[in-house]
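Chemist: sharing a model that was predicted from the sequence below.
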Amino acid sequence: MKLYTVQIVAGLLAAVAFVLAFMAAGAAVASALFMGLGLAALGWLAYSLIKRVRHRGGAPTSQA
């Protein structure tokens, strides 16, 4: 079976498309991990601030 130029080009384009798809999936996974880390840091910050306010016995007072 003889391969035509169009078939070879289509095969190469398909290979490039698969590589790009795997790169995009990897970027999505990395982005999701960083988003999770950011949300965890934000949650920890909110928790620590709420805990500090509750420990002080009320809202902070201004000292102006």
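Modeler: Sure, I can see it. Numbering: from 1, shown residues only.
Chemist: ok, Leu45 to Leu39 distance?
Modeler: Distance from Leu45 to Leu39, counting by CB to CB, to the nearest Å: 11 Å. All C-beta atoms are positioned from the backbone trio N, CA, C, and that covers glycine.
Chemist: what does Ala15 give?
Modeler: Ala15 is 37 Å from Leu39, by CB to CB.
Chemist: cool, Ala32 as well?
Modeler: Distance of Ala32 to Leu39, computed by CB to CB: 10 Å.
Chemist: can you check Ala25 too?
Modeler: 21 Å.
Chemist: repeat for Tyr4
Modeler: For Tyr4, the distance to Leu39 - CB to CB - is 52 Å.
Chemist: check Lys2 too.
Modeler: Distance from Lys2 to Leu39, by CB to CB: 56 Å.
Chemist: more crowded one of these two?
Modeler: Leu39 (10 against 4; other CB atoms under 10 Å).
Chemist: list the contacts for the more buried one?
Modeler: Taking CB atoms under 8 Å, 6 or more residues apart in numbering, we find Leu39 in contact with no residue.
Chemist: what about the strands in this structure?
Modeler: With strands called from DSSP state E, the chain shows none.
Chemist: quick one: low-confidence parts of it?
Modeler: 1, 57-64 (pLDDT under 70).
Chemist: one more time with 80
Modeler: 1-3, 55-64 (pLDDT under 80).
Chemist: which parts of it are helices?
Modeler: 5-56 (DSSP state H).
Chemist: what is the burial count for Phe34?
Modeler: Neighbours of Phe34 (other CB under 10 Å): 10.
Chemist: residue contacts, it?
Modeler: By CB under 8 Å, 6+ apart, Phe34 has no neighbours at all.
Chemist: just use 58 as the starting number from now, easier for me
Modeler: Fine by me, first position is 58 from now on; the one you just mentioned is Phe91.
Chemist: quick check: it vs Leu70, distance?
Modeler: Taking CB to CB, one finds Phe91 at 31 Å from Leu70.
Chemist: now do Lys108
Modeler: Taking CB to CB, one finds Lys108 at 56 Å from Leu70.
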